[in-house]
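Colleague: no FASTA, just this:
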């Protein structure tokens, strides 16, 4: 079994005088024991000739538990001859050890100190892995959790737990929210033993295991006639089944549920609402400390394109806002960062800041479904940081998204490819999400600089890769769908341009482009979506004069000659963005070529292959979208560049 160690991959330090190391840890909790193992393992690779001794040594490391701000908090101090790691718990020690090792690799054995405390209590990766081994929206190979109905636990699983813990991830859902192909049975006796083993492995690294469950399990698993959440027989079934599950599979974190969405069963089938559905499960697992994470991704996926008033963007707000305060304390609503579906740019979801009596967590997407499918480089960390910083304008004193959520999750971008993420550069998104989830005040620049330094030894490779990553999201947005348009991709697989691919379909993802104008009117004179935000955001988005350029066509339908705040017309911005975005992609590809011989051959080839495909596809985006709008508008490019007739 061959696979990369990603940012945990270590090459020996040169010129280090340390020959002996002592590690003292009197804490016997399992995470502290894992921390000691990590120290010995990584320091042995950093310093191949080092000996571990008791008593006096060139470097003495002490690990201890002490009262800190949070159980997962830590403090690290190092002066070159001694180092101290203090955690608020065994997990805090583990996080502190990873911080110490990261610091040694970044700064050497000199003086440094670091204090860490999570800014979000729940930091989660969601896998869309199917039990047959396939991965929905997966671009990195097949599942390393499942194969042919079997739950896998092996050397790769251990490394994955180490990778997650090293960046502070503390929860993981291992199967697809679209529960199918037999995954309904994960909560049955057949999987108790393997689930218990995985929980024990994850537990050593401070990670809670979650399972995605089928809301209609009383029917699909239990064989009863209904899944009505208010039916006493259904309530009894869940209560009894969960009592058995949690007594055999001790330490299970809880359930993640997709209901009444894109064909998944849910409470609507029985005339009930989502509070009824979520609370049914929450009451069944509350005695065992379990949590129910309930997705708010609920909308009408059979919309008539002729209907200009029905708006998919409004759906989750209209569904869940009236339910504020009705959910059980162990229910967490999982809300996507934007109101549509992980587009390259969306406004912040209006539910953030609108449900003060309900636990909310944010859902992001690492797997690049709409951002290049790991064939295009697209670093998502700047977008994630901007999202967490966005103000909700609610009544709270601290009103950013990061302030009002109790957790943050992301759909994983991993699979069984050698490099885990399909593209070697996409690992920066995995690393960056974990670091940002643990400390939302870290800058994208710092996170990417860390990842580059932990991944590449060569200084030029670090600088070049950082430049590519930090400019990649802006470039991708430019040559695909600028100004908040979204979609315009090929249906179903979502790769490559098709401006009208979804325009007359049922999914509610329209651009409304014709010969006169483009964009969706979500102002007070249109669908009214802008009014769902708290003031003054509602007023900002409602007016074409104050709406930010980057979201203009999401909120407004405007003529092609409308002038943006930048001074450009809409049509000229579209032309410029597509030409300039493609040129930037060309620049990235040329930069990558300069790394030949400076990085390992496998990584270099991986990048070259993907940049070749990125340029091919970006050229299609540029030419098809520009031609599409030129044909509709009849307006020429002011700069006379080639747009095809």
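Modeller: Thanks, I have it. Being a predicted model, the structure only gives us computed values, none of them experimental.

Colleague: What residue, apart from its backbone neighbours, is nearest residue 419 spatially?
Modeller: When the adjacent residues along the chain are set aside, residue 419 lies closest to residue 4, with 4.8 Å between them (CB to CB, 6 or more residues apart in numbering). Any C-beta I mention is one placed from the backbone N, CA and C, and that applies to glycine too.

Colleague: what about that neighbour, which SS state?
Modeller: Assigned state for residue 4: coil (three-state reduction, DSSP: H, G, I helix; E, B strand; the rest coil).

Colleague: same check, this time on residue 445
Modeller: Taking three-state DSSP as the rule, one finds residue 445 in the helix state.

Colleague: is it true that it touches residue 470?
Modeller: Yes: with contact defined as CB atoms under 8 Å, residue 445 reaches residue 470; the gap is 6.6 Å.

Colleague: tally of neighbours for the spatially closest residue to residue 217 that is not a sequence neighbour?
Modeller: Residue nearest to residue 217 in three dimensions, not counting chain neighbours: residue 184, with 6.0 Å by CB to CB, 6+ apart. Residues near residue 184, counting by other CB atoms under 10 Å, number 18.

Colleague: now that we're looking at residue 184, how far away is residue 190 from it?
Modeller: With the distance defined as CB to CB, to the nearest Å, residue 184 ends up 11 Å from residue 190.

Colleague: between the two, what contacts are shared?
Modeller: Residues touching both residue 184 and residue 190 (CB atoms under 8 Å, 6 or more residues apart in numbering): there are none.

Colleague: the longest helix in this protein is where?
Modeller: The helix of greatest length in the chain, counted in residues with DSSP state H as the criterion, is given as helix 601-633.

Colleague: distance of residue 413 from residue 54?
Modeller: In this structure, residue 413 lies at 43 Å from residue 54, with CB to CB as the measure.

Colleague: neighbour-wise, which of the two wins?
Modeller: For residue 413 against residue 54, the residue with the higher neighbour count under other CB under 10 Å is residue 413, and the figures read 29 against 8.

Colleague: What secondary structure category should be reported for the more buried one?
Modeller: Under three-state DSSP, residue 413 falls in the coil class.

Colleague: Local confidence estimate at it?
Modeller: At residue 413 the predicted local confidence, pLDDT, stands at 99.

Colleague: phi, psi of it?
Modeller: Geometry field for residue 413 lists phi and psi as phi -110, psi 20, criterion degrees, to the nearest 10.

Colleague: Just to check, it is in contact with residue 371?
Modeller: No: look at residue 413 against residue 371 with CB under 8 Å: they stay out of range, at 10.2 Å.

Colleague: which of the residues in stretch 489-499 are buried?
Modeller: Using 16 or more other CB atoms under 10 Å as the test for burial, stretch 489-499 gives 489, 494-495, 497-499.

Colleague: Of the residues you listed, which is the nearest to residue 259?
Modeller: Using CB to CB, residue 494 is the member of those that sits closest to residue 259, with 23.1 Å.

Colleague: Helix or strand for that closest one, just tell me which one.
Modeller: Using DSSP states H and E, residue 494 falls within no helix or strand.

Colleague: Quickly note the distance from it to residue 543.
Modeller: In this structure, residue 494 and residue 543 are 32 Å apart, going by CB to CB.

Colleague: can you give me phi and psi for residue 496?
Modeller: Per-residue torsions, residue 496: phi 90, psi 160 (degrees, to the nearest 10).

Colleague: With residue 240 instead?
Modeller: Residue 240 adopts backbone torsions of phi -70, psi -40, taken as degrees, to the nearest 10.

Colleague: do you know how far it is from residue 440?
Modeller: Remark: distance between residue 240 and residue 440 (CB to CB) = 41 Å.

Colleague: More neighbours: these two, which one.
Modeller: When neighbours are counted by other CB under 10 Å, residue 240 and residue 440 differ, and residue 440 comes out ahead with 21 against 12.

Colleague: Is the more buried one part of a helix or strand, or is it coil?
Modeller: Classification of residue 440 using three-state DSSP returns coil.

Colleague: what residues are up against it?
Modeller: By CB under 8 Å, 6+ apart, the contact set of residue 440 is 119-120, 385, 388-389, 402.

Colleague: And it, how close does it get to residue 571?
Modeller: Following CB to CB, the distance that separates residue 440 from residue 571 is 38 Å.

Colleague: Just want the most central residue of the protein.
Modeller: Centre of the chain computed as the mean C-alpha position; nearest residue by CA atoms, centre = their mean is residue 410, 2.5 Å away.

Colleague: That one - that's part of a helix, no?
Modeller: No: inclusion of residue 410 in a helix is not indicated when three-state DSSP is applied; the result is strand.

Colleague: So it sits against residue 361, correct?
Modeller: No: contact between residue 410 and residue 361 fails when scored by CB under 8 Å: they sit 10.7 Å apart.

Colleague: if we can go back for a sec, check which helices and strands the longest helix of the chain sits against.
Modeller: Using 3 or more CB pairs under 8 Å, 6 or more residues apart in numbering; DSSP states H and E as the contact definition, the elements that helix 601-633 packs against are helix 459-479, helix 570-593.

Colleague: how about these in TSV, adding mean neighbour count and mean pLDDT?
Modeller: As requested, those are exported to TSV (neighbours: other CB atoms under 10 Å; pLDDT from 0 to 100):
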stretch	mean neighbour count	mean pLDDT
helix 459-479	21	99
helix 570-593	20	99
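
Colleague: What separation do you get for the closest residue to residue 381 other than its chain neighbours and residue 369?
Modeller: Closest residue in space to residue 381, ignoring its immediate chain neighbours: residue 432 at 3.8 Å, by CB to CB, 6+ apart. Shown here: residue 432 relative to residue 369, a distance of 18 Å by CB to CB.

Colleague: The two: which has the busier surroundings?
Modeller: When residue 432 and residue 369 are compared on other CB under 10 Å, the one with more neighbours turns out to be residue 432, at 26 against 23.

Colleague: Now do the contacts for that one.
Modeller: Shown here is residue 432, whose contacts under the criterion CB under 8 Å, 6+ apart are 379-381, 384, 444, 447-448, 451.

Colleague: One more: residue 591?
Modeller: Residues counted as contacts of residue 591 (CB under 8 Å, 6+ apart) are 464, 467-468.

Colleague: Distance to residue 507 added to those, as TSV?
Modeller: Output for these, formatted as TSV (distance: CB to CB, whole Å):
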residue	distance to residue 507
464	39
467	37
468	33
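
Colleague: Look up phi and psi at residue 78.
Modeller: phi -150, psi 140.

Colleague: that older thread, just so I know, which of the helices and strands packed on helix 601-633 lies nearest residue 173?
Modeller: Of all the helices and strands packed on helix 601-633, it is helix 459-479 that lies closest to residue 173, at 25.8 Å by CB to CB.

Colleague: Give the next helix or strand downstream of that closest one.
Modeller: Sequence-wise, the next helix or strand downstream of helix 459-479 (DSSP H and E) is strand 517-518.

Colleague: what helices or strands is that following strand leaning on?
Modeller: With contacts defined as 3+ CB pairs under 8 Å, 6+ apart, the secondary structure elements packing on strand 517-518 are strand 558-559.

Colleague: Name every strand pairing with the strand it packs on and say which way it goes.
Modeller: According to DSSP bridges, strand 558-559 has the following sheet partners: strand 517-518 (antiparallel).
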